[in-house]
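Peer 1: 3D, please:
(2 chains)
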Amino acid sequence: MSLLKDFFSRFLIAVFFSVTGLFLAWYSRFTLFVLISSFVLLGLREYASLVERGGSRPMRLSGYALGLFFMTTGYLGPLSLQHHAVVIAVGALVALKAVHLNWDAHRDTVNDLILTLFGSLYVGGALSFIMNLRTIHEMRFDVVTHRDYLFLLPFIGAWAGDTGAYIAGNLLGREKIDAELSRGKTVEGFIGGMASGFAAIYIFGSVLRFPVILSVAMGIIVPLVGTAGDLFESALKRRFAVKDSGTFFHSHGGVLDRFDSVFFALPVVYFLVYYFYIYRT
Amino acid sequence: MINFLHSLINTDAIASDRNARYVASAVIGAVSGVFVISIVYFVITAVSSLISRVAP
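Peer 2: Coordinates of the predicted model:
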């Protein structure tokens, strides 16, 4: 497929899912919760299929339950509730695995336990920050206008970064970053991604009336952690020898492929906003 | 359009000079960022308008 056709195919799919997603996200908090929870389940399913290729046996049902548990705590309450949730979840998972150990003593229990817990935090824990970003403004957020758009910031930063990296990398990419780290990533693509993410976040931050320092900080940090998330997922896929984690988004791949940058960017955006608007005041 | 841009940008002068490639990548990236945020703006406006019609 030519670069142009590939680009427009990706573009149309992105617009379709963005419109549908935004509609459900703004319709009510509950529809947003249902939408993101569905992505959590799909993402955890892809994650479990990935690690099973390496011979591990993550506890699928417990992982799904844990992911939804994080989402529910994000929906119901403030971040402090999630701190308790993480402790309770780890305890519950360890207890569950201890029971499981009696049934199947030959499994690599610690490995399975860590993989399950990590998957739930990586997918469910990260995406639950969307609910936190929707509720943070209810606490004290008079300064920011268009507050309901706040949760879009990590998506805009990460996806603008992806787009800039894709276009700059395809047009000018010559120098590979590191063949072992990622086969397709180039220095030119990285620069394009950083510039694209910065421009999009800075403009969006201005619309939200962020202080300049916050827009600049986010413009630099979010594309950077987004790239780290992208590389992390690439490493995960290469470890288990797959090209895409799934096919839910057609040419965009699966949920893990599409949200890889966002998983890392969401907590960073939340804590930056928290620091500037709540902790410092 | 991208093929055209590709032929326009991918001249020997830029392709062979590392610094020129980096600067061109940053410019292309910044333009892409503005393009993405413009699309986001239109999508947000369209969905907001849709919701104001159908929301309870």
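Peer 1: Next, count neighbours for residue 19.
Peer 2: If you meant another chain, say so; for now it's chain A. Residues near A:V19, counting by other Cβ atoms under 10 Å in any protein chain shown, number 15. All C-beta atoms are positioned from the backbone trio N, CA, C, and that covers glycine.
Peer 1: Chain B is the one I meant
Peer 2: For B:N19, the number of neighbouring residues by other Cβ under 10 Å comes to 8.
Peer 1: what's the helix or strand for it?
Peer 2: Using DSSP states H and E, the element containing B:N19 is helix B:18-54.
Peer 1: Could you pull out the strands in the stretch 51-200 of chain A for me?
Peer 2: With strands called from DSSP state E, counting those that start in this stretch, the stretch 51-200 of chain A shows them at A:176-178, A:182-186.
Peer 1: most neighbours per residue, which of those?
Peer 2: The highest mean neighbour count among these, using mean count of other Cβ atoms under 10 Å in any protein chain shown, belongs to strand A:182-186: a mean of 17.
Peer 1: helices or strands up against it?
Peer 2: Secondary-structure packing of strand A:182-186 (3 or more Cβ pairs under 8 Å, 6 or more residues apart in numbering or on different chains; DSSP states H and E): helix A:153-172, strand A:176-178, helix A:212-239.
Peer 1: Not counting it itself, show me its contacts.
Peer 2: With contact meaning Cβ atoms under 8 Å, 6 or more residues apart in numbering or on different chains, strand A:182-186 is reached by A:A165, A:G169, A:G173, A:R174, A:E175, A:K176, A:I177, A:D178, A:L231, A:S234, A:A235, A:R238.
Peer 1: how about 7 Å then?
Peer 2: By Cβ atoms under 7 Å, 6 or more residues apart in numbering or on different chains, the surrounding residues in contact with strand A:182-186 are A:G169, A:G173, A:R174, A:E175, A:K176, A:I177, A:L231, A:S234.
Peer 1: count of residues packed around the second one?
Peer 2: A count of nearby residues for A:G173, using other Cβ under 10 Å, gives 21.
Peer 1: what sits against it?
Peer 2: By Cβ under 7 Å, 6+ apart, the residues touching A:G173 are A:T186, A:E188, A:G189.
Peer 1: ok, these vs chain B, which is closest?
Peer 2: Proximity of the contacts of A:G173 to chain B (Cβ to the nearest Cβ) peaks at A:E188, which lies at 4.1 Å.
Peer 1: ok, the closest one - contacts?
Peer 2: By Cβ under 7 Å, 6+ apart, A:E188 lies in contact with A:A168, A:G169, A:L172, A:G173, A:R174, A:E175, B:R21, B:Y22, B:S25.
Peer 1: Can you turn the buried subset of these into a selection I can paste into ChimeraX?
Peer 2: In ChimeraX syntax, the buried subset of the contacts of A:E188 is picked out as below (16 or more other Cβ atoms under 10 Å in any protein chain shown):
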select /A:168,169,172,173 /B:21,22,25
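Peer 1: got the contacts of A:E188 as TSV, with pLDDT columns?
Peer 2: Shown next, in TSV, are the contacts of A:E188 (pLDDT from 0 to 100):
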residue	pLDDT
A:A168	88
A:G169	88
A:L172	81
A:G173	76
A:R174	78
A:E175	78
B:R21	85
B:Y22	88
B:S25	89
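Peer 1: So for A:I156, what's the pLDDT?
Peer 2: pLDDT recorded at A:I156 is 90.
Peer 1: For A:L22, see how far away A:F264 is.
Peer 2: Going from A:F264 to A:L22 by Cβ to Cβ, to the nearest Å gives 22 Å.
Peer 1: Near chain B, which residues of the stretch 51-200 of chain A? Just list them.
Peer 2: Residues of the stretch 51-200 of chain A lying close to chain B by Cβ under 7 Å from any Cβ of the partner chain are A:149, A:156, A:159-160, A:163-164, A:167-168, A:171-172, A:174, A:188, A:191-200.
Peer 1: Just the buried residues of those residues.
Peer 2: Neighbour counting by 16+ other Cβ under 10 Å classes A:149, A:156, A:159-160, A:163-164, A:167-168, A:171-172, A:188, A:191-200 among these as buried.
Peer 1: residue of the stretch 1-150 of chain A with the smallest distance to chain B?
Peer 2: A:L22 (4.4 Å).
Peer 1: Quickly find the element holding that residue.
Peer 2: Assigned by DSSP H and E, A:L22 belongs to helix A:3-27.
Peer 1: Give me the buried stretch members for that helix, please.
Peer 2: For helix A:3-27, a neighbour-count test (16+ other Cβ under 10 Å) marks A:L3, A:F7, A:R10, A:A14, A:S18, A:G21, A:L22, A:F23, A:L24, A:A25, A:W26, A:Y27 as buried.
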